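Novice: Got a sequence here, can you model it:
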Amino acid sequence: MRNYIIACGVVLLATTANAQQAAIAKWAATEVLQSPPLRDAHTGISIYEPATGKYWYQYQDEKYFSPASNTKIFSLFAGLKLLGDSLPAARYLENDTAIFIKGTGDPTFLHPDFPYQPLLALLQQTKKQIWLVSTGNANRRFGPGWAWSDYADYYQPELNDMPMYGNVVRIRHHRDSSYMTPDIYNLSVLPDDTSSEILTDRDERNNNFSIKYNRKDRSASTNEVPYITGSILDLKERLEDTLHRPIGVALTAPGGRFELLRSVPVDSMFTPMMHRSDNFFAEQTLMMSSALLWDSINTRRLIKYVTDNYLTTLPQDAQWVDGSGLSRYNLFTPRDFVTVLTDMYKNYPQQRLWEIFATGGKGTLKNYYKEQFVHAKTGTLTGSVCLSGYLVTKSNKTLVFSVLVNNNKESATSVRRAVEKLLTKIYKDY
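Specialist: Next comes the predicted model:
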């Protein structure tokens, strides 16, 4: 009799789950998938409950999509696995007369958002001659498939083994005054009374910057413009300008064991990386991970290492090529994201993940999900609007979800509202 009751309970639960899945699928088909923002788009949806191991809803979740900044979820996954508790600031070796420095890709060095600067303190305090040693870096300054014409846009700084100031100059303007930090490069200030906004730019092939402004405009602004990182000699010049002392370049690394200097806690970088979708932090996350593993930088090799060692259970083989999602070469399925997010949910404290991922009313979700039941990463490129993360229902069930939309002709905002409608329905009713 007992076994009969248990069997009946199992059947009842299965029947209830199937009815729930059918109800969600029927509602989504008419109210979401056939809505104007998604009707003609390529859409994939995967909603999964880790506690039961059941999918609540699946729609084309085995299909491939360009995920835009949802790619940062994979970069976060790699960083959590490989970086440890704090970022690698640099490797250094000291002898009686000199200190040798090798970059490890730390994007927080001299970044204004990070007051704790252990590498700067080391370099300022030493009385020894400072020598730069080249880190083997197989990466190019831009990722594969990036838009070359975005070279002067704030969201696409160049990548290198020893970033400074976030690899951007910050051009500040107020009234008739303009200045740039760092001020090592040339800034042309050009009054333009025909302009309705303050415009900053950089020459394509050199570090000459410009700002145009309307003299009637009394507002203040700060704009970030990437600089050309150049070679180790250009790095030497930037460091000399910062430290106000001569820096040497070592043609070969000296013999001996380099010590690792640690920087800020990893979550202090992961959180802004995910909240404001910081492309630079995401790319440098993979570069730092490579530097820690092999004392050299090779994002392509690092991605293969993570895929071969930590992502063997992906339902579909992802085409993962960069850290930020700026590349159109990236191809993932919604089920891939659900798999990685579930792994993180099982292996890291929930509170930590909730803080790293943006929630309603904050970061890139500041205009959505006001009831704060979603903790997720957005992704947006032209014709690509994506959202993947965690959803906590009113009945306190935690779900992992991924909604990827490509080839949408309607506005990104209208697509986001359609997705919000779907997730809000599940939050309230289940």
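Novice: pLDDT score assigned to the residue lying closest to residue 168 once chain neighbours are set aside?
Specialist: In space, and not counting its chain neighbours, residue 168 is closest to residue 224: 4.2 Å by Cβ to Cβ, 6 or more residues apart in numbering. Any C-beta I mention is one placed from the backbone N, CA and C, and that applies to glycine too. Note on residue 224: pLDDT of 98.
Novice: what's the helix or strand containing residue 102 in contact with?
Specialist: In this structure, residue 102 sits in strand 98-103 according to DSSP states H and E. Strand 98-103 is contacted by residues 90-94, 119, 122-123, 126, 128-135, 160-163, 235, 248, 250, 253-254, 258, 291, 295 when judged by Cβ atoms under 8 Å, 6 or more residues apart in numbering.
Novice: and with 7 Å instead?
Specialist: By Cβ atoms under 7 Å, 6 or more residues apart in numbering, the residues outside strand 98-103 that reach it are 90-93, 126, 128-133, 135, 161-162, 250, 254, 258.
Novice: which stretches of this protein have low pLDDT?
Specialist: Counting by pLDDT under 70, the ranges of the chain that qualify are 1-17.
Novice: all helices of it, in order?
Specialist: For the chain, the helices defined by DSSP state H cover 2-31, 36-39, 71-82, 118-125, 232-243, 266-275, 279-294, 299-310, 334-347, 350-356, 412-429.
Novice: If you count neighbours, what's buried in the second one?
Specialist: In this case it means helix 36-39. In terms of neighbour count (16 or more other Cβ atoms under 10 Å), helix 36-39 has its buried residues at 37, 38.
Novice: Dump it to CSV, keeping only the CA atoms.
Specialist: What follows is helix 36-39, C-alpha atoms only, in CSV (Å, rounded to 0.1, in the frame of the first residue of the first chain):
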residue,chain,number,x,y,z
PRO,A,36,5.1,42.3,-32.6
PRO,A,37,8.7,42.6,-31.1
LEU,A,38,9.3,38.8,-31.5
ARG,A,39,7.0,37.7,-34.3
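Novice: mind listing what's buried in stretch 87-100?
Specialist: 87, 88, 89, 90, 91, 92, 93, 99, 100.
Novice: Of those, which belong to strands?
Specialist: Members of the buried residues of stretch 87-100 lying in strands (criterion: DSSP state E): 87, 88, 89, 90, 91, 92, 93, 99, 100.
Novice: and which of the residues you listed is nearest residue 390?
Specialist: Nearest to residue 390 among these: residue 87, at 24.9 Å, using Cβ to Cβ.
Novice: dump the residue contacts of that closest one.
Specialist: Counting by Cβ under 7 Å, 6+ apart, residue 87 makes contact with 106, 108, 262, 263, 264, 266, 269, 288.
Novice: Tell me how many other residues crowd the second one.
Specialist: Other residues lying near residue 108 total 23 when counted by other Cβ atoms under 10 Å.
Novice: Equivalent analysis for residue 353, please.
Specialist: Residue 353 has 20 neighbours, counted by other Cβ under 10 Å.
Novice: go on, residue 181?
Specialist: Residue 181 has 14 nearby residues by other Cβ under 10 Å.
Novice: same thing with the one 3 residues further on?
Specialist: Applying the criterion other Cβ under 10 Å, we find 15 residues in the vicinity of residue 184.
Novice: cool, residue 52 as well?
Specialist: For residue 52, the neighbour count with other Cβ under 10 Å is 11.
Novice: do residue 372 as well
Specialist: For residue 372, the count of nearby residues is 13 (other Cβ under 10 Å).
Novice: And for it, nearest residue in space, chain neighbours not counted?
Specialist: Once flanking residues are discounted, residue 372 sits nearest to residue 360: 4.1 Å by Cβ to Cβ, 6+ apart.
Novice: List the residues that contact that neighbour.
Specialist: Applying Cβ under 7 Å, 6+ apart, the residues near residue 360 are 368, 369, 370, 371, 372, 373, 374.
Novice: could you redo those as JSON lines and give each row distance to residue 183?
Specialist: Formatted as JSON lines, the contacts of residue 360 follow (distance: Cβ to Cβ, whole Å):
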{"residue": "368", "distance to residue 183": "39"}
{"residue": "369", "distance to residue 183": "42"}
{"residue": "370", "distance to residue 183": "42"}
{"residue": "371", "distance to residue 183": "46"}
{"residue": "372", "distance to residue 183": "42"}
{"residue": "373", "distance to residue 183": "46"}
{"residue": "374", "distance to residue 183": "42"}
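Novice: Among these, name the ones in strands.
Specialist: Judged by DSSP E, the subset of these located in strands is residue 374.
Novice: Spell out the residue ranges of the strands in the stretch 101-250 of the chain.
Specialist: Counting by DSSP state E, counting those that start in this stretch, the stretch 101-250 of the chain has strands at residues 129-133, 168-174, 177-181, 186-191, 199-202, 208-213, 220-226, 248-250.
Novice: Neighbouring strands - and their directions - for the fourth one?
Specialist: Each strand that strand 186-191 pairs with, and the sense of that pairing, follows from DSSP bridges: strand 208-213 (parallel).
Novice: what distance separates the start and the end of stretch 105-116?
Specialist: 16 Å (Cα to Cα, to the nearest Å).
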